[in-house]
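[1] For reference, the sequence and a predicted model appear below.
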Amino acid sequence: MNHQFFFKWVMLMMSFSIQLLDGAEQFSKFPEYQKGIARSLKQAGSNRAELIKALRHAPTEQTKGMQFLIAYMPGHDCKLLKAEFLLSNVAWAYKARNTYSWAKKVPEDIFLNDILPYAALNERRDNWREDFYKRFSKHVINAKTQIEAIKAVNNAIMREVKVKYSTKRKKPDQSPYESMEQGRASCTGLSILLNSAFRAVGIPSRVVGIPMWTTKRGNHNWVEVWTTEQKRWQFTEYYPDKDGLDHGWLLGDAAKANEHSYYHSIYSSSWKSTGHHFPLVWDMHRKDVPAVNVTRRYVMLGGGIGGESACELRIQYLIGNKRMVVPVSVYQGDVKLMVGESPMPTDDVNRYFSVRVKMGQIYQIAWKDPKTGKAKRLQVTTPKDKAWLVVTLE
């Protein structure tokens with residue numbers, strides 16, 4: 001190899017490495033954020049200078065928050081968000097932390113992940129932080145505890161933002177101001193609003209949701225707050241339950257979630273990477289919102305473990321009035337529960353392909369048409385008050 005060429009190649013690679021780390025090692029006092037910052041700067045493209053400006057201009061006491069925010073920032077945000085937006089968001093988040101007694105008690109890792117971020121899911125990035133601080137600070141000013149502050153925000157939000165639940169909203173994943181402009185939002189939009197209001201006054205908050213209930217069609221999103229008194233996450237909604245945190249209509253359904261199913265699990269949003277993503281049912285191709293699977297807590301909270309009544313699916317296949325053997329599979333969402341065969345013509349009339357499942361939940365039965373070979377699927381809902389359900393496939 002030509003030594004002169006090799007020397008030039010080495011110098012070029014060193015220069016490239018320095019460029020990548022510019023803004024990471026140069027600005028980060030925290031080694032755990034260096035790789036993330038380098039990644040974000042690389043993804044930023046022509047917006048790189050804005051991220052560097054935000055890193056440089058963050059006050060000393062806000063440096064760690066800014067570095068955390070940029071280290072885990074989604075790629076599309078790296079390309080779009082300006083330094084002014086980021087500096088304002090971080091400044092008002094720290095103002096809330098330094099103002100309210102409950103915010104001062106929040107552990108730093110929870111403050112960084114669940115108060116500081118400017119977004120919960122993939123909603124439009126609105127600069128709501130200062131506005132919401134001013135809107136909701138007057139409602140919590142007399143709160144002596146965090147629980148009182150949570151109740152105050154919950155009780156005031158509808159009056160303050162003038163948004164109601166409606167299926168006529170323009171889109172499910174509306175940002176706070178998109179919902180306020182319309183005066184209407186889905187459960188997702190309402191949860192994003194409530195989440196923003198909590199964070200604005202130093203209450204750790206995250207959006208939680210299930211892609212599909214096991215008991216009926218449809219998804220749902222709600223909110224969790226981390227309480228300093230209990231030192232754990234507790235749920236609430238835009239329309240709070242009169243009995244307070246960890247109470248509400250959703251608990252009975254949530255207790256029947258299935259943590260082994262992608263579609264029937266319950267997820268909480270996260271800013272920091274977790275290795276898992278929040279299923280955005282309005283855009284299932286996107287996987288850039290980190291998440292934690294919190295299904296088990298809801299199952300236990302609702303008494304689902306050991307407290308559910310069983311129901312037996314009894315399956316047969318008929319051609320005319322004659323039974324016929326076909327391979328059958330039973331699913332719940334994306335989880336295959338059982339594989340077997342429907343009974344033969346010579347079997348006792350009381351014999352079925354039986355699968356033990358749960359009352360009041362949705363299941364899918366799959367088989368192949370013996371004549372055409374085409375795959376078929378039937379969705380059934382088990383009864384809430386009977387010990388069995390006979391399903392006849394034809």
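    Yep, it's here. Here the structure is a predicted model, which is why all the values come from computation and not from measurement.
[2] Show me the shaky parts of the stretch 251-394 of the chain.
    Residue ranges of the stretch 251-394 of the chain with pLDDT under 70: 304-308.
[3] what are the ranges of the strands in it?
    In the stretch 251-394 of the chain, the strands defined using DSSP state E, counting those that start in this stretch lie at 267-269, 291-293, 310-319, 322-323, 327-332, 335-341, 353-358, 362-368, 375-381, 388-393.
[4] again, but for the stretch 51-200 of the chain
    Secondary structure of the stretch 51-200 of the chain (DSSP E, counting those that start in this stretch): strands located at 164-165, 184-185.
[5] Return the residues in contact with G302.
    L251, G252, A254, A255, K256 (C-beta atoms under 8 Å, 6 or more residues apart in numbering). The C-beta positions use only the backbone N, C-alpha and C, and glycine is treated the same way.
[6] Please work out which of the strands of the stretch 251-394 of the chain is packed deepest.
    With neighbours taken as mean count of other C-beta atoms under 10 Å, the strands of the stretch 251-394 of the chain reach their highest mean count in strand 267-269, at a mean of 25.
[7] Show me what that one is packed against.
    Contact here means 3 or more C-beta pairs under 8 Å, 6 or more residues apart in numbering; DSSP states H and E; on that basis strand 267-269 packs against strand 205-210, strand 291-293.
[8] Is it possible to get a markdown table of these that adds distance to K368?
    Output for the helices and strands packed on strand 267-269, formatted as a markdown table (distance: least, C-beta to C-beta, whole Å):
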| stretch | distance to K368 |
| --- | --- |
| strand 205-210 | 31 |
| strand 291-293 | 33 |
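[9] I'd like to know which of those strands lies nearest to M359.
    In terms of C-beta to C-beta, the element of the helices and strands packed on strand 267-269 nearest to M359 is strand 205-210, at 18.7 Å.
[10] thinking again about what came up before, indicate which one of the helices and strands packed on strand 267-269 is closest to L301.
    Nearest to L301, of all the helices and strands packed on strand 267-269, is strand 205-210, at 12.1 Å by C-beta to C-beta.
[11] That closest one - what's its average pLDDT?
    Average pLDDT, strand 205-210: 98.
[12] Show me what that strand is in contact with.
    By C-beta under 8 Å, 6+ apart, the list of residues contacting strand 205-210 reads 114-115, 120-121, 188, 191-192, 194-195, 198-199, 219-226, 233, 235, 254, 257, 264-270, 278-279, 294.
[13] which residues touch the closest residue to A93 other than its chain neighbours?
    Once flanking residues are discounted, A93 sits nearest to L116: 4.7 Å by C-beta to C-beta, 6 or more residues apart in numbering. The contact partners of L116, by C-beta under 8 Å, 6+ apart, come to G65, F68, L69, N89, V90, A93, R199, W271.
[14] Quick check: the two most widely separated of the residues you listed?
    F68 and R199, at 14.5 Å, using C-beta to C-beta across the contacts of L116.
[15] Same drill for those two, tell me which one is more crowded.
    Each of F68 and R199 has its neighbours counted (other C-beta atoms under 10 Å); R199 has more, 29 against 25.
[16] Please report how far that one lies from L87.
    17 Å (C-beta to C-beta, to the nearest Å).
[17] Look up how far L51 lies from the residue nearest to K64 when sequence neighbours are not counted.
    Nearest-residue entry for K64: F30, 6.2 Å, with adjacent residues in sequence omitted and distances by C-beta to C-beta, 6+ apart. The gap separating F30 from L51 is 16 Å, by C-beta to C-beta.
[18] okay, those two: which has more neighbours?
    The residue with more neighbours, out of F30 and L51, is L51; 27 against 13, by other C-beta under 10 Å.
[19] Quick one: residues contacting the more buried one.
    When contacts are counted by C-beta under 8 Å, 6+ apart, L51 is found next to G23, S40, L41, A44, I70, C78, A83, L86.
[20] Tell me how far the fifth one lies from A54.
    Here the criterion is C-beta to C-beta. By it, I70 lies 7 Å from A54.
[21] Please say which of the two ends up with more neighbours.
    Between I70 and A54, counting by other C-beta under 10 Å, I70 is the more crowded of the two (29 against 24).
[22] which ones are touching the more buried one?
    Going by C-beta under 8 Å, 6+ apart, I70 touches Y33, G36, I37, S40, L51, A54, L55, C78, L86.
[23] name the element the residue nearest to it when sequence neighbours are not counted belongs to?
    Closest residue to I70 apart from its sequence neighbours, by C-beta to C-beta, 6+ apart: S40 at 5.1 Å. In this assignment (DSSP states H and E), S40 forms part of helix 31-44.
[24] Output that helix as PDB, restricted to C-alpha atoms.
    Output of helix 31-44 as PDB, limited to C-alpha atoms (Å, rounded to 0.1, in the frame of the first residue of the first chain):
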ATOM      1  CA  PRO A  31     -20.500   9.600  29.200                       C
ATOM      2  CA  GLU A  32     -23.800   7.700  29.000                       C
ATOM      3  CA  TYR A  33     -25.100  10.400  26.700                       C
ATOM      4  CA  GLN A  34     -22.200  10.800  24.300                       C
ATOM      5  CA  LYS A  35     -23.200   8.100  21.800                       C
ATOM      6  CA  GLY A  36     -26.800   9.300  21.800                       C
ATOM      7  CA  ILE A  37     -25.700  12.900  21.200                       C
ATOM      8  CA  ALA A  38     -23.400  11.800  18.400                       C
ATOM      9  CA  ARG A  39     -26.200   9.900  16.800                       C
ATOM     10  CA  SER A  40     -28.600  12.800  17.000                       C
ATOM     11  CA  LEU A  41     -26.000  15.200  15.600                       C
ATOM     12  CA  LYS A  42     -25.500  12.900  12.700                       C
ATOM     13  CA  GLN A  43     -29.200  12.500  12.000                       C
ATOM     14  CA  ALA A  44     -29.800  16.200  12.200                       C
END
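[25] Most neighbours among the contacts of G302, which one?
    Top of the contacts of G302 by neighbour number is A254, holding 26 neighbours under the definition other C-beta under 10 Å.
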